[in-house]
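Q: Could you look at this predicted model? Sequence included:
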Amino acid sequence: MVQNVKRKLMKHKLMMISIMIISFLTVLALFAPFLAPNDPNLIDIVQKLQGPSSQFPLGTDHLGRCILSRLIYGTRTSLGIAFLVMGLMMIISIPLGIYAGFIGGKVDYLFMRMCDILMAFPSFLLSLALVGILGPSLGNLILAMVLVQWVFYARVIRGMVLSVKEQNFVLAAKICGTPRSIIIIKHILPAIISQVVVLIFMDIGGVILAISGLSFLGLGIQPPDAEWGMMINDSKPFFRETPSLMLYPGMMIFIVVIAFNLFGEALRDALDLKKE
Amino acid sequence: MSLLELKGIKKTYLLGNPVFGKRKSVEAIKSISLTMEEGVCLGLVGESGSGKSTLGKIILGLEKPDQGEVWFQGKSLYCLKAKELKELRRNLQVVFQDCYSAVNPRLTVGEIIAEPLRNYERLTSVQEKKKVQELLEIVGLCPEDIRKYPYQFSGGQLQRINIARAIALKPKLIVLDEAVSALDVLVQVQILNLLAQLKEEFQLSYLFISHDLQAVNYIADRLAVMYNGEVVEWLDDLEQLERLKHPVSKKLLSSVLPLYPGIL
């Protein structure tokens, strides 16, 4: 089984590329202090808006900060926050989705209508409004994103549980006298977990985009910390003279989102039992 | 005291939204009363949609009937506390039609068969392994199969694994919900022989749900014909299938293919 998945992963060239990009970015994020050539937050007005040089490989921004260093540190914030948001959402939505799907009944019905109501709002605008009310900060950004988007995942997981629960082996386990908690751990969770992992990787790109979007609007990461969306926002006034200022962080977002999407899709194909 | 007694069972399914709007209802079982003695195999036949599988689920304690009582070993199945129900469930097992979906594809055969044992008997892992291997031998598989996964078996072998799991706790009653219908004819005969042999060996009782009169004839002692949620005909002597009178019974009887068409 593991061998088979491995072989399938190798088959996808795009998959290999996306894995390489993701591992490269992970290394960047983990070892940012060692890899960055300069202090990302060091302001030096004299050196502002310079082109590439040996000291600043990608040049400097309007405050004379090293762009490459800021990009590297930005990887750290973007990936870190995206995975944190995803993790928190899963902590909420996996138990709730399983409860709604497995126990079911009227609680499930009311719960799902609540989801419908929450999903009737455009999620990005809702997070935007929430951050606006709570005040712009990193913690509030995470809170707003988790509060708005967990419903979507709870719903999808509920659907997965519903389809597994109707399988005869779950009924047989019930008849064998297996307690509910063990049925969930032994039969339900293993059956849905691969789908959940695929879901996480297919959606993490969206989360990174949303974080960058909110930061672009000044609602997420606060200066002077580096973040790609904020870097794009910072470079707006200098777009004509030095378009590269906007191009670099834009390219980073683009590459990361594409890499995660490709990875998620390939992972889905590789884990799909039916296609064997 | 009979092993199983159903008194005026009624089950209606509601379709549609539970809060808003009017809900449609489907009467799966109108009114069924029956008794089953120990050591008997009761055949329950009927067309699809006649409510036989629903009845099986009610007997297994999976679906609460709207009206009526299910008495199993002198206790009312739906009026018990969780703990008592668990004890009673020990004597009540099932073999499903679809042998593939009845086993968790991610578990080994050893884990699948050991599941009921783990819930009721405190065995050490060595004892458990020995017991599972014994069970595998009883149903005609190799003890070495214990480490294999379900996808390594054929349908007939998987059904043997399902039977091994069902008999692991030496239950009193096994509900065979179309247990052989999905298998090819040769394997059907093998499984039916195995079931008949196990019935003798462990003094089991079967509720054999099927639409195939031939298979029922092979193994059952008594026969009940279901139609539209009701038992329309009883037959105590299966030697005399031709005595069936109800049109539905006749229809089922005529659907049995002759062994050598044109010759006999």
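A: Received it, and whenever you're ready, just let me know what you need.
Q: switch to C-alpha atoms for all contacts and neighbour counts from now on
A: Noted.
Q: Now do the phi/psi pair for residue B:205.
A: When read as degrees, to the nearest 10, the backbone of residue B:205 gives phi -120, psi 140.
Q: For it, give me its contacts.
A: For residue B:205, the contact set (CA atoms under 8 Å, 6 or more residues apart in numbering or on different chains) comprises B:37, B:38, B:39, B:40, B:41, B:172, B:173, B:174, B:199.
Q: Which one of those sits in the busiest neighbourhood?
A: In terms of neighbours by other CA atoms under 10 Å in any protein chain shown, those top out with residue B:173 at 30 neighbours.
Q: how close does residue A:97 get to residue A:153?
A: 8 Å (CA to CA, to the nearest Å).
Q: the more surrounded of the two?
A: Legend: neighbour count by other CA under 10 Å for residue A:97 and residue A:153, higher for residue A:97 (29 against 21).
Q: Counting by contacts, list what whichever helix or strand the more buried one is part of packs against.
A: Element membership for residue A:97 (DSSP states H and E) is helix A:67-98. Judged by 3 or more CA pairs under 8 Å, 6 or more residues apart in numbering or on different chains; DSSP states H and E, the packing partners of helix A:67-98 are helix A:13-30, helix A:32-35, helix A:138-165, helix A:189-216, helix A:228-235, helix A:244-271.
Q: and the ones you listed as CSV, adding mean pLDDT?
A: As requested, these are exported to CSV (pLDDT from 0 to 100):
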stretch, mean pLDDT
helix A:13-30, 86
helix A:32-35, 80
helix A:138-165, 89
helix A:189-216, 86
helix A:228-235, 83
helix A:244-271, 85
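Q: most tightly surrounded among those helices?
A: helix A:228-235 (a mean of 23; mean count of other CA atoms under 10 Å in any protein chain shown).
Q: tell me the angle of that helix relative to helix A:189-216?
A: 10 degrees (axes from the mean of the first three to the mean of the last three CA atoms, to 10 degrees).
Q: On the three-state scheme, the residue in the stretch 1-150 of chain B positioned nearest to chain A is what?
A: Here the stretch 1-150 of chain B gets closest to chain A at one residue, residue B:102, 4.1 Å apart by CA to the nearest CA. Of the three states, residue B:102 takes coil according to DSSP: H, G, I helix; E, B strand; the rest coil.
Q: What number of residues are in the vicinity of it?
A: Neighbours of residue B:102 under the rule other CA under 10 Å: 23.
Q: right, and it touches residue B:112 too?
A: No. Using CA atoms under 8 Å, residue B:102 makes no contact with residue B:112, being 9.9 Å away.
Q: Name the residues of the stretch 1-150 of chain B found near chain A, please.
A: B:18, B:60, B:86, B:89-90, B:92-94, B:96, B:98, B:101-104, B:106, B:115-116, B:119-120 (CA under 8 Å from any CA of the partner chain).
Q: Could I get the buried residue list for the longest helix along chain B?
A: The residue-count maximum for a helix in chain B (DSSP state H) belongs to helix B:185-202. Using 16 or more other CA atoms under 10 Å in any protein chain shown as the test for burial, helix B:185-202 gives B:187, B:188, B:191, B:192, B:194, B:195, B:196, B:198, B:199.
Q: Please identify the helix or strand for the residue of the stretch 1-150 of chain A at minimum distance from chain B.
A: In the stretch 1-150 of chain A, the residue that lies nearest chain B is residue A:106 (7.5 Å; CA to the nearest CA). Per DSSP H and E, residue A:106 falls inside helix A:105-120.
Q: which helices and strands does that helix pack with?
A: Counting by 3+ CA pairs under 8 Å, 6+ apart, helix A:105-120 packs on helix A:138-165.
Q: for the helix it packs on, packing partners?
A: helix A:67-98, helix A:105-120, helix A:123-134, helix A:189-216.
Q: how far out from the middle of the chain is the first one?
A: Spelled out, it's helix A:67-98. Offset of helix A:67-98 from its chain centre (CA atoms, centre = their mean, to the nearest Å): 5 Å.
Q: cool, and the second one?
A: Chain-centre distance of helix A:105-120: 25 Å, with CA atoms, centre = their mean.
Q: So for that helix, mean pLDDT?
A: Per-region confidence: helix A:105-120 scores 83 on mean pLDDT.
Q: With just CA atoms, put that helix into PDB.
A: C-alpha atoms of helix A:105-120 as PDB (Å, rounded to 0.1, in the frame of the first residue of the first chain):
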ATOM      1  CA  GLY A 105     -30.600  13.300  14.500                       C
ATOM      2  CA  LYS A 106     -32.200  16.700  15.100                       C
ATOM      3  CA  VAL A 107     -29.000  18.100  16.600                       C
ATOM      4  CA  ASP A 108     -27.300  17.400  13.300                       C
ATOM      5  CA  TYR A 109     -30.100  19.000  11.400                       C
ATOM      6  CA  LEU A 110     -30.000  22.300  13.400                       C
ATOM      7  CA  PHE A 111     -26.200  22.300  13.300                       C
ATOM      8  CA  MET A 112     -26.300  22.000   9.500                       C
ATOM      9  CA  ARG A 113     -28.800  24.800   9.100                       C
ATOM     10  CA  MET A 114     -26.500  27.000  11.200                       C
ATOM     11  CA  CYS A 115     -23.800  26.100   8.800                       C
ATOM     12  CA  ASP A 116     -26.000  27.100   5.900                       C
ATOM     13  CA  ILE A 117     -26.500  30.500   7.500                       C
ATOM     14  CA  LEU A 118     -22.800  31.000   8.100                       C
ATOM     15  CA  MET A 119     -22.000  29.900   4.600                       C
ATOM     16  CA  ALA A 120     -24.500  32.300   3.100                       C
END
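Q: Done for today, thanks.
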